[in-house]
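Chemist: Prediction below, plus the sequence it came from.
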Amino acid sequence: MRLRVVLAPDNIRRLDILENLTSVEHLKIILQERLEIKDDFLIQFEDPEFGNELCNLTNITELPPDRAVLKILQKEPEESDLETISSLDTASMSSPSNSSNQSSSSVTVRQRENSHWPSAFLIPEFAYDVELRLNKGNENFKENGMLLTLPREMKMDILDGIAQAIFSFKAYPNNQELESVATALIEKHPCLRDPGSGTGYHSWTMSIKYKIGNYRQKLRSAGCSEVTVNRKRAKEDSRRLKKAKRCEVNFLPDNPVGQTHYSLQKERDALQEEMKKKHPNMTFVDSKMELTFSLRRKEIVDEEPLVADVLKQWPALFLEDQVCAEFYRITQTNLKSTFFSHLDEYTSKIIKLYRARSGAFGDDMKSLLEQLDNQTTDVLAHRKATTLRGQPFFMREKSGNFLKTCLDTEPEDIHAKGVKMGILTIIEDDVSTFHSNPNIRCLAVVLEEQIVLDDVQDLPTAVALLFGLIYALNMDYPKDLKYTFETIQKVFMCLDPQCSARVQSFKNKLLK
């Protein structure tokens, strides 16, 4: 079914849904995942029986069979819910990346909800007296070009407000991001232009840079984990600073209100006991994983444990649903829906790029495309798998042990030896199909020679889960595949628009 979804007058999306819709709730879950809608909403549709007038959708059978126009109406929170809405620096943690991994209870914790640095930074509103002076200053600047003379107290108020707004996105903005803030400030309040520079905002850029450093020091003194960990590391080795470097929105959050390190350890113990059961209560697991997020991140980021140790301490983290949930907690981005939607969008273009330049990448790429041409069933799935398998070749990297294959009659652990990070494909031990079209039984994700996820259904899912685990375990990309993983991060997952020259060139080819 093809849908035209109206989210706002200036935000209208086109959506293709391949699966059969069973209910209105099923449709809502898909819309939440694909369009990243967080709050509750009402669905209306254009009813052809009444001249395409809008009607509330109460039964999925009311939708036209092939294509429909939907309008999304956000529901206002009820008065009883307003008490639970947190202040500017708190939020309720939820994981809409998968309907089955949403927690049954909300956990109030200091965390960010802003997932990306904005293309146009929004300057916050300052105190009333400051805004009054700025408005008068802007009027005078418009009339006679006179700049505003700032008292020191007023400048400090402006910088304090900006520092808090910046920290709502990230603790360590780069120079380009700081410059974008200064530019936005001058555009909103031209009376604050710097007369001593051609740009008009150079001195503001430097002032904001020093102010955000001072603000981090205040937070460090208050015990903010995200900045305290870097002061500890800096004393030991400046090369081992721990910062959010891959668009992690909640890199190292503080504990939930009312929770201590000791109380969270007890929650972890209860979670471990639940995971020992043959059939764990997944609702219980979801709530405990969400509650212990801050404890888990502190251990992983600060102590850098081995994967085997994390597997022992946090076995639930290696469940497929929890990988998606953890990735959402860290990045505020839906793992599977974002990855799959962009893979669907780019597959055809990427295959064309592979064919156009197959001669430049040796026999490996030619062999990969020949195998694709020989496929007669489930061609679309094979095209997606070929897209991912060909990435290392196209990026001129050595895949090495990243993508390995073994027979279902062989011990999987043997093939995991020597694999620091990779995906193992288990195929049927059938001589007649081994060299042509082998039957894939399942796939497994390997980290540090440990099979951490098995029985994965297909390669795109395995790649998405591996990428999610890299974030969940705070692991570095393999040096031999850094451009391949950068492509996944910045092209397929849209995390950080700034790319290396090689990945930017690939991205430009896709966007032509």
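Modeler: Great, that's in hand.
Chemist: Could you say which helix or strand holds residue 474?
Modeler: Under DSSP states H and E, no helix or strand contains residue 474.
Chemist: how near is it to residue 414?
Modeler: Look at residue 474 and residue 414: by Cβ to Cβ, to the nearest Å, they are 28 Å apart. (Each C-beta comes from the backbone N, C-alpha and C, glycine too.)
Chemist: Between those two, which is the more surrounded one?
Modeler: Just comparing residue 474 and residue 414: by other Cβ atoms under 10 Å the higher neighbour count belongs to residue 474, 18 against 9.
Chemist: The more buried one: what's it in contact with?
Modeler: 300, 301, 304 (Cβ atoms under 8 Å, 6 or more residues apart in numbering).
Chemist: so of those, which ones are in helices?
Modeler: Among those, no member falls in helices (criterion: DSSP state H).
Chemist: could these go into a markdown table alongside distance to residue 325?
Modeler: Formatted as a markdown table, those follow (distance: Cβ to Cβ, whole Å):
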| residue | distance to residue 325 |
| --- | --- |
| 300 | 15 |
| 301 | 18 |
| 304 | 22 |
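Chemist: which of the residues you listed count as buried?
Modeler: By neighbour count, with 16 or more other Cβ atoms under 10 Å, these hold 300, 301 as buried.
Chemist: quick one, what contacts the residue nearest to residue 302 when sequence neighbours are not counted?
Modeler: Using Cβ to Cβ, 6 or more residues apart in numbering and skipping the chain neighbours, the partner closest in space to residue 302 is residue 229 (5.6 Å). Neighbour list for residue 229: 242, 252, 301, 302 [criterion: Cβ under 8 Å, 6+ apart].
Chemist: switch to 10 Å and redo it
Modeler: By Cβ atoms under 10 Å, 6 or more residues apart in numbering, the contact list for residue 229 reads 220, 241, 242, 243, 251, 252, 298, 301, 302.
Chemist: And these, which of them are buried?
Modeler: 220, 242, 243, 251, 252, 298, 301, 302.
Chemist: closest to residue 32 among those?
Modeler: residue 251 (24.8 Å; Cβ to Cβ).
Chemist: part of a strand, is that closest one?
Modeler: No - with DSSP: H, G, I helix; E, B strand; the rest coil as the criterion, residue 251 is located in coil rather than a strand.
Chemist: Let me know whether it touches residue 294 as I believe.
Modeler: No - using Cβ atoms under 10 Å, residue 251 makes no contact with residue 294, being 11.1 Å away.
Chemist: State the mean pLDDT of stretch 315-329.
Modeler: Averaging pLDDT along stretch 315-329 yields 95.
Chemist: hmm, back to that, quick check, nearest of the buried ones among the contacts of residue 229 to residue 180?
Modeler: Nearest to residue 180, judged by Cβ to Cβ, of those is residue 243 at 18.9 Å.
Chemist: what's the closest non-adjacent residue to the closest one?
Modeler: Counting by Cβ to Cβ, 6+ apart, the residue nearest residue 243 is residue 172, at 5.0 Å.
Chemist: Point me to the helix or strand that includes the one you found.
Modeler: Going by DSSP H and E, residue 172 is not in any helix or strand.
Chemist: Surely it and residue 215 touch.
Modeler: No - counting by Cβ under 10 Å, residue 172 does not reach residue 215; the two are 11.5 Å apart.
Chemist: what residues are shared contacts of the two?
Modeler: 166, 227.
Chemist: where does the stretch 351-500 of the chain have low pLDDT?
Modeler: 430-437 (pLDDT under 70).
Chemist: how about the strands in this structure?
Modeler: Taking DSSP state E, the strands of the chain run over residues 2-8, 11-16, 41-47, 53-56, 67-74, 91-92, 108-109, 403-407, 421-427, 440-447, 450-456.
Chemist: what's the angle from the fifth one to strand 2-8?
Modeler: Orientation of strand 67-74 against strand 2-8 (axes from the mean of the first three to the mean of the last three Cα atoms, to 10 degrees) gives an angle of 30 degrees.
Chemist: Any buried residues in strand 67-74, and which?
Modeler: 68, 69, 70, 71, 72.
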